[in-house]
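Asker: I would like the atomic coordinates for the input below:
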Amino acid sequence: MAVFNIDYFTTLDRGYYSAQTIKEAKSAGTFIGGDFPEANPIGTELTAREIGTTMAPDTYPVQELQAKIRQGAAKLEIEFSGAGKSGFNGKGATPEILGKREREEFRELSKINDVRVSTHATFGKQGLSGLTQQGFSEDEAQKTLKEINKAVEFAATATQGGAVVFHTGEWQRPIMDAGLKNPDKVQQRDRLFSEYEKEWEKAPIYLADERTGQIQALNRDMKFYFPDEEKDEKTGLTSVKKDPKSGEYIVKEYTYDTALEYIKKRHADDASLNNRSDAEILMYGLREQQLREAEGQALRFSEGLEKLKKSLGKIIEERKVEEKIWDATPEADRWKLMEKERLYEGANGGEYIPKKDALKEQEKSLREHIQGNQSTVVSAREQYERIKHEMNRFKPIEEVGIKRTADTLAKAGIKAMTESDRHKKDLKEAIYIAPENVFPEFYGSHADEMIKIVQESRKEMAAKLQRQGYSESDAKKRAETHIRATLDTGHLNNWRQHFQAKTDENGRVLETPEQVDKRFNKWYLEQVKNMIDKKVLGHIHLTDNWGYDDEHLTPGQGNTPTKDVVKMLEKAGFKDFITEVGSFNANTILPDTLAELGSPVYALGRHMSFGRMQHGHFGYAAPPNYIVGAYAPSNEFKLWSEVPLE
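Answerer: Modelled structure (predicted):
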């Protein structure tokens, strides 16, 4: 970390004097003039001790650490891009690419230079729920846990503790639904966010089987088909109406809303549906229809099966009789017992064969027919039983997925706890798992979702620890210590592109773009405050962008309300900030961020802002502090104030 141990830092022009220097000059009566711009007061007390930057991924970590130390960094985050086995020449590197010696060198180098390093587990994978294209998978969740465990062990053997960051991105859900407790009851016009114009109709609504993890999707643009039924008042039986002209059963087409109304009406007396979402009720109705179809097919083929079995019995008896007659008839007279071979059902043709053989062929054919019908009945019954058990297992994807996410994160938290205890003498702080909010289309990116992930994961970790013999209070405390979220300020700003302007009932926009931005910034800060109040945060990624993609601009260079959010976090006591490097700012992001925030320079004498030191010392806009020797220009050189140099 850069330390300025001299008190002489003020530039030659009075306009660049520090606020403290000007105040002292005024008190002493030596301040001349009042039209020079005064320096801005220090904006933050956070320094390079609290605000760090990322190390370049896929580079040799020890050399990269040395380079960052020479740049003056005192806080860093090492990032791993790979999963599984590292690629050739360190590409797609994972923590396991570093052996004992490299880990020891890495830790000692950071200790000697008083540099703290957090760890970013692979960003080659995201999500802790184990989601695959086929649904939720415990095998996939275990693969994710393995990658996190690698990073935890690296943090325990190569750093001094702190955050182990991992991207969430649990499953996709409609952006318009984010942050809503009951999406079914909120119309699109009244929602804060929208991804595209017809999202209300087209966006998939996901349900998941709570046992198998299988996922099903519905949307409000779908058509549904149910029989047109009527109830006989005398018998109480329900039957399907028939078309008076064609005599065919009537099946009607329903929209999402009318199908929902149809199912609710059919189950008006079923109280179990009252607490289900609209999508759950629709899925229940569809499954019920499939159940009836399976039951009807099983019944229809079962009835036909009994008739076939009776026919088979008659053919067997008849064949036995014909066989006895054949055996008792002299060979010369057996031609009388012959008949033409049946070439197809209902017709005779081909060669003459004994009647007993013809019956044997009929018996064989009928047996095959019966076996086919039996298979159909069994299949229909299997389908019936499967659907019957599935009907009540499909839940909103959040209800199913959050349990799987919490389970993986709780296991990772226990791993962080175990390694923290094991390497306690080498750590300055406990290792904790820090799930990070990612992009708006994925669950976990909204503040409410992140809060729920952390809270449910802590609850699950505490439950697991209590089963291992920990007390309730100790288990809860450990869960809070080892599971704390990462807030990425740039990722949260990506919601800006989806933020809806207020409209009237006719769709006319009621706000200017400036008003929309102002309202979004207010929402943004409310989300951060909510996470602070809920005590789920531990680690901060400071990035900026223009509200669309995660470009990792230097904080202050996009439209993220960086200063306001840092002020809020600083006031709440947070001191763990990492600025993430983007495309063109690898060497400038840290000093530029410190300057943007008005960070004070660490010195033994009076303090000044990093921005003034940066601009005065590193050749931006301010004149030099002093000029001597051959560097000094001719006597014609004058400052803008025309004060001559002595």
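Asker: alpha carbons only for contacts and neighbour counts from here, please
Answerer: Will do.
Asker: Please list the residues outside stretch 329-336 that contact it.
Answerer: Trp326 (Cα atoms under 8 Å, 6 or more residues apart in numbering).
Asker: Compute the distance from the centre of that stretch to the centre of its chain.
Answerer: On the basis of Cα atoms, centre = their mean, to the nearest Å, stretch 329-336 sits 84 Å off its chain's mean C-alpha point.
Asker: Ends of it, what's the gap?
Answerer: Start and end residues of stretch 329-336 are separated by 10 Å (Cα to Cα, to the nearest Å).
Asker: Same question for stretch 193-202.
Answerer: 15 Å.
Asker: just how off-centre is it within its chain?
Answerer: 20 Å.
Asker: what's in contact with that stretch?
Answerer: 174-178, 188, 219-221, 495, 498-500.
Asker: mind running it again at 10 Å?
Answerer: 174-179, 187-189, 203, 218-222, 256, 440-441, 495-501 (Cα atoms under 10 Å, 6 or more residues apart in numbering).
Asker: Please apply the same query to stretch 134-144.
Answerer: Contacts for stretch 134-144 (Cα under 10 Å, 6+ apart): 83-84, 122, 125-132, 145-146, 148-149, 166, 170-171, 208-216, 397, 400-401, 404-405, 407-409, 411-412.
Asker: SS state for the residue sitting nearest the centre point of the chain?
Answerer: Against the mean C-alpha coordinate of the chain, by Cα atoms, centre = their mean, the closest residue is Gly169 at 1.6 Å. The three-state label given to Gly169 by DSSP: H, G, I helix; E, B strand; the rest coil is coil.
Asker: what's the answer for Lys252, then?
Answerer: Per three-state DSSP, Lys252 ends up strand.
Asker: Does it touch Lys242 like I think?
Answerer: No. The pair Lys252 / Lys242 is not scored as a contact, 11.7 Å apart, by Cα atoms under 10 Å.
Asker: Report the contact partners of the residue nearest to the centre of the chain.
Answerer: Per Cα under 10 Å, 6+ apart, neighbours of Gly169: 125-129, 131, 435-445.
Asker: Could I get the full set of strands for the stretch 351-500 of the chain?
Answerer: Secondary structure of the stretch 351-500 of the chain (DSSP state E, counting those that start in this stretch): strands at 394-396, 431-436, 485-488.
Asker: Sort out which residues of the first one are buried, please.
Answerer: Of the residues in strand 394-396, those with enough neighbours to count as buried (16 or more other Cα atoms under 10 Å) are 394-396.
Asker: and of those, the nearest to Asp576?
Answerer: Among the buried residues of strand 394-396, Pro396 lies closest to Asp576 (Cα to Cα), at 35.8 Å.
Asker: wait, isn't that closest one in contact with Ser277?
Answerer: Yes. Using Cα under 10 Å, Pro396 is in contact with Ser277, at 7.6 Å.
Asker: Show the contacting residues for Ser379.
Answerer: 294, 297-298, 373, 385.
Asker: and if you look at Ser471?
Answerer: By Cα under 10 Å, 6+ apart, the neighbours of Ser471 are 462-463, 465, 477.
Asker: Quick check: the farthest pair among those?
Answerer: Checking those with Cα to Cα, the most distant pair is Ala463 and Lys477, at 11.9 Å.
Asker: Between those two, which has more neighbouring residues?
Answerer: Each of Ala463 and Lys477 has its neighbours counted (other Cα atoms under 10 Å); Ala463 has more, 18 against 13.
Asker: got the contact list for that one?
Answerer: Contacts of Ala463 by Cα under 10 Å, 6+ apart are 410, 457, 470-472, 475-476, 479.
Asker: how much space between Ala412 and Asn521?
Answerer: Applying Cα to Cα to Ala412 and Asn521 gives a distance of 34 Å.
Asker: okay, the two: which has more neighbours?
Answerer: Applying other Cα under 10 Å to Ala412 and Asn521 shows that Ala412 carries more neighbours, namely 27 against 19.
Asker: Let me see the backbone angles for Thr54.
Answerer: Main-chain torsions, Thr54, degrees, to the nearest 10: phi -90, psi 150.
Asker: contacting residues around it?
Answerer: Contacts of Thr54 (Cα under 10 Å, 6+ apart): 65, 68, 73, 75-79, 117-120, 541, 578-582, 586, 589-590.
Asker: mind running it again at 8 Å?
Answerer: 76-79, 578-581 are the contacts of Thr54 under Cα under 8 Å, 6+ apart.
Asker: closest to Glu261 among the residues you listed?
Answerer: Of the contacts of Thr54, the one sitting nearest to Glu261 (Cα to Cα) turns out to be Glu580, at 50.7 Å.
Asker: that older thread, which ones among the contacts of Thr54 lie within strands?
Answerer: Using DSSP state E, the members of the contacts of Thr54 that fall within strands are 76-79, 578-579.
Asker: OK, contacts around Ala462?
Answerer: 472, 475-476, 478-479.
Asker: how near is the closest residue to it other than its chain neighbours to Leu145?
Answerer: The shortest distance from Ala462 to any non-neighbouring residue, by Cα to Cα, 6 or more residues apart in numbering, is to Ala475 (4.7 Å). To Leu145, Ala475 is 21 Å away according to Cα to Cα.
Asker: Remind me which helix or strand the closest residue to Glu419 other than its chain neighbours belongs to.
Answerer: Leaving out its chain neighbours, the residue that sits closest to Glu419 by Cα to Cα, 6+ apart is Ala156, at 6.1 Å. Using DSSP states H and E, Ala156 maps to helix 138-158.
Asker: what's the offset of that helix from the middle of its chain?
Answerer: Counting by Cα atoms, centre = their mean, helix 138-158 comes out at 18 Å from the chain centroid.
Asker: avg pLDDT for it?
Answerer: Average pLDDT, helix 138-158: 97.
Asker: Helices of the stretch 1-150 of the chain, start to end?
Answerer: 19-28, 61-70, 100-112, 138-158 (DSSP state H, counting those that start in this stretch).
Asker: So which bits of the longest one are buried?
Answerer: Read that as helix 138-158. 138, 140-145, 147-158.
Asker: show me what contacts the closest residue in space to Gly413 that isn't next to it in sequence?
Answerer: Spatial nearest neighbour of Gly413, chain neighbours left out: His482 (5.4 Å); criterion: Cα to Cα, 6+ apart. By Cα under 8 Å, 6+ apart, His482 lies in contact with 413-414, 416-417, 430-433.
Asker: Using the three-state scheme, assign Phe166.
Answerer: strand.
Asker: how close does the closest residue to it other than its chain neighbours get to Glu511?
Answerer: Distances taken as Cα to Cα, 6+ apart place Pro435 nearest to Phe166, at 5.0 Å, with adjacent residues excluded. Pro435 sits 35 Å away from Glu511, going by Cα to Cα.
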